[in-house]
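Asks: Turn this into a model:
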Amino acid sequence: MMKILSVISILVCWSMLSRSQTKITGFVKDAVSDPKELVLTVYDPFSISQPQIIEDTIRTTKGYFNFSIKIQKQMIVGIELNGNSIFFPGTFELLVSPNDSLNIIIPDSKKLGLLNLEIAGKGVEKVDLTKNMLRKILGIYKTDPRYEEQSLLFKFLTTDKKLDAIDSEINTFQSISKKDASVIKTEQYANILKGLFISAMRSDDDSLNVYFNKFIVQKKRMKPFLEGENIFYAGGTLLSEYMLLNEFKNPILSVGDRYKIDNAHAYCKLIIKYFGKRVEVKNYLLSNFMISYLNSKIFNKTSEELYNFYLKNTDNNNPFLIEVANSYLRSKQTLQVGKPFFNFNLSDTVGNLHSLTDFRGKVLIIDFWFTGCSGCRQMAPALDYIEKTLNDQDFKFISINVDKKETWLKGIGQYSSKSSLQLYTMEEKFHHPMIKSLNILGYPTLFVVDGRGNFGGIPPDPRSNQTDFIEFIKNMKNEVAK
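Replies: Okay, here's the model as predicted:
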């Protein structure tokens, strides 16, 4: 009897494990005789500092591909084919639930986009809702004039039409749960509002406040982001800009584009003012800001004060509390001037290893980047110019990439300084201990290390302030010489 029970228990456990598999399979029609590479990436919306939890790369076999992942909650999934998202134009990721089993047929690898894919299987209802929304939205986009030719009023009007189109589709689509529909609506709202809010934040139009109040505030367009846990999936940046557009008539004229960084305390208080009673939203916005701030600034008294403010205004049920605490500890331990820098040991393009100790006596300017990063593309020529201008053997420019080797090599010189020492994280990408220790969340990221191997600080951005950047690293050299 005990043996029978044991066998039953094993079969039940096996059955549960097999049911927990989420599958995404498919067929690329023009890859039958020409194998193609696909990369699947899974993002956890309940993580700010390390949202990417799975990355799997495969090559098609006679055109077929098969991904199998284990997830315990809804995740966001992206798939690239030869470096391009298969869902774009339209969207970049899809919402996937545990036990979903999607089959994707790609008729033409040169003509991608969600509306060009044939998708079926368990969980396809969520895809169908997204497709229906996109058809209506793209129909409106086709009638829009070129973006640079649109007046501010037109941008508000056409955005309003697109949001109404999303609402109408939600009201008629009954095939999925209200929670799933709400998340998908939120994601599409975010995609539509993103461009408008960028324009609004840069606008000096006297009518901005009137339009914003009429089309956004009075119509309660931010409501989807305030419902349940939707903010974890999309809209964090939008709510941040929403506060500033509410608070200031023309943010670009009154507070500039550095308000969050230069007025950190005031910004945190705005979060409490606008969303203090919306626990999930408040927790997310405060946590997101704290992690970003702690990893972009040298640890100082302000860091300590902001962290104390955060602890007083969050609660123990905040799912991001541990992430913020870890960022605080890492910042305190590694981003204090004079603390020993991470002792890396990384490979260059021909396989030679380079460690921190190899550069004793030199001031290091370390640039972290990845291929395809628009900010990295802008940073590269700025660093090139500065390195050539200085022409000083006491400085060493090092570019560290977080891609796989093939992708890294393709990006050198375009997304990194041509003349710097090129290193990479040796197939560990952004999971490398160095990236985790320094808690690098955004790219490009610049650090300066003094001649003793200690953290020297985060320099001014050389893309916009080359003079201050050069002065910063020269001062570092002079400090070491004393």
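
Asks: just the CA coordinates of stretch 409-429, formatted as CSV?
Replies: The C-alpha coordinates for stretch 409-429 follow below in CSV (Å, rounded to 0.1, in the frame of the first residue of the first chain):
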residue,chain,number,x,y,z
LEU,A,409,32.0,42.4,-31.5
LYS,A,410,29.4,43.8,-34.0
GLY,A,411,28.8,46.9,-31.7
ILE,A,412,32.4,48.0,-31.1
GLY,A,413,33.1,51.4,-32.5
GLN,A,414,29.4,52.2,-33.0
TYR,A,415,28.1,51.9,-29.4
SER,A,416,31.5,52.1,-27.7
SER,A,417,34.5,54.3,-28.0
LYS,A,418,36.7,53.1,-30.9
SER,A,419,40.1,53.5,-29.2
SER,A,420,39.2,52.3,-25.7
LEU,A,421,40.1,48.9,-24.3
GLN,A,422,37.2,46.6,-25.2
LEU,A,423,36.2,44.0,-22.6
TYR,A,424,33.0,42.0,-22.1
THR,A,425,31.3,40.0,-19.4
MET,A,426,32.3,36.7,-20.9
GLU,A,427,28.8,35.3,-21.8
GLU,A,428,27.4,36.1,-18.4
LYS,A,429,25.9,39.3,-19.8
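
Asks: for it, which positions count as buried?
Replies: Gly411, Ile412, Tyr415, Ser416, Ser417, Ser420, Leu421, Gln422, Leu423, Tyr424, Thr425, Lys429 (16 or more other Cβ atoms under 10 Å). Quick note: C-beta positions are derived from backbone N, CA and C, even for glycine.

Asks: can you list the residues that contact it?
Replies: 55, 344, 346-349, 354, 367, 369-373, 376-377, 379-380, 383-384, 387-388, 396-405, 408, 432, 434-435 (Cβ atoms under 8 Å, 6 or more residues apart in numbering).

Asks: Pipe the buried residues of stretch 409-429 into TSV and attach distance to Leu238, secondary structure and pLDDT per row.
Replies: Compiled in TSV, the buried residues of stretch 409-429 are given as follows (distance: Cβ to Cβ, whole Å; DSSP: H, G, I helix; E, B strand; the rest coil; pLDDT from 0 to 100):
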residue	distance to Leu238	secondary structure	pLDDT
Gly411	30	helix	90
Ile412	35	coil	94
Tyr415	27	coil	91
Ser416	31	coil	94
Ser417	34	coil	92
Ser420	36	coil	94
Leu421	39	strand	96
Gln422	37	strand	96
Leu423	36	strand	96
Tyr424	34	strand	96
Thr425	32	coil	95
Lys429	29	helix	87
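
Asks: circling back to that earlier point, in ChimeraX, select just the buried ones from the contacts of stretch 409-429.
Replies: Selection command for ChimeraX covering only the buried members of the contacts of stretch 409-429, criterion 16+ other Cβ under 10 Å:
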select :344,346,347,354,367,369,370,371,373,376,377,379,380,383,384,387,396,397,398,399,400,401,402,403,404,408,432,434,435
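
Asks: per the record, what domains does this structure have?
Replies: Split into domains by automatic domain parsing, the chain comes to 21-122, 123-257, 345-481.

Asks: Quick check: next helix or strand after the lengthiest helix in the chain?
Replies: Using DSSP state H to define each element, the chain has its longest helix at helix 178-202. As assigned by DSSP states H and E, the chain's next helix or strand after helix 178-202 is helix 208-212.

Asks: Pull out the buried residues from that following helix.
Replies: Leu208, Asn209, Tyr211, Phe212.

Asks: Just the contacts of stretch 409-429: which are in helices?
Replies: Filtering the contacts of stretch 409-429 for helices - DSSP H - leaves Cys376, Arg377, Met379, Ala380, Leu383, Asp384, Glu387, Lys388, Lys405, Trp408, Met434, Ile435.

Asks: Any chance of JSON lines for the residues you listed, columns distance to Lys62 and pLDDT?
Replies: Listed next are the ones in helices among the contacts of stretch 409-429 as JSON lines, based on distance: Cβ to Cβ, whole Å; pLDDT from 0 to 100:
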{"residue": "Cys376", "distance to Lys62": "37", "pLDDT": "89"}
{"residue": "Arg377", "distance to Lys62": "37", "pLDDT": "88"}
{"residue": "Met379", "distance to Lys62": "42", "pLDDT": "92"}
{"residue": "Ala380", "distance to Lys62": "40", "pLDDT": "93"}
{"residue": "Leu383", "distance to Lys62": "45", "pLDDT": "94"}
{"residue": "Asp384", "distance to Lys62": "45", "pLDDT": "93"}
{"residue": "Glu387", "distance to Lys62": "49", "pLDDT": "91"}
{"residue": "Lys388", "distance to Lys62": "51", "pLDDT": "89"}
{"residue": "Lys405", "distance to Lys62": "27", "pLDDT": "90"}
{"residue": "Trp408", "distance to Lys62": "30", "pLDDT": "93"}
{"residue": "Met434", "distance to Lys62": "40", "pLDDT": "93"}
{"residue": "Ile435", "distance to Lys62": "37", "pLDDT": "89"}
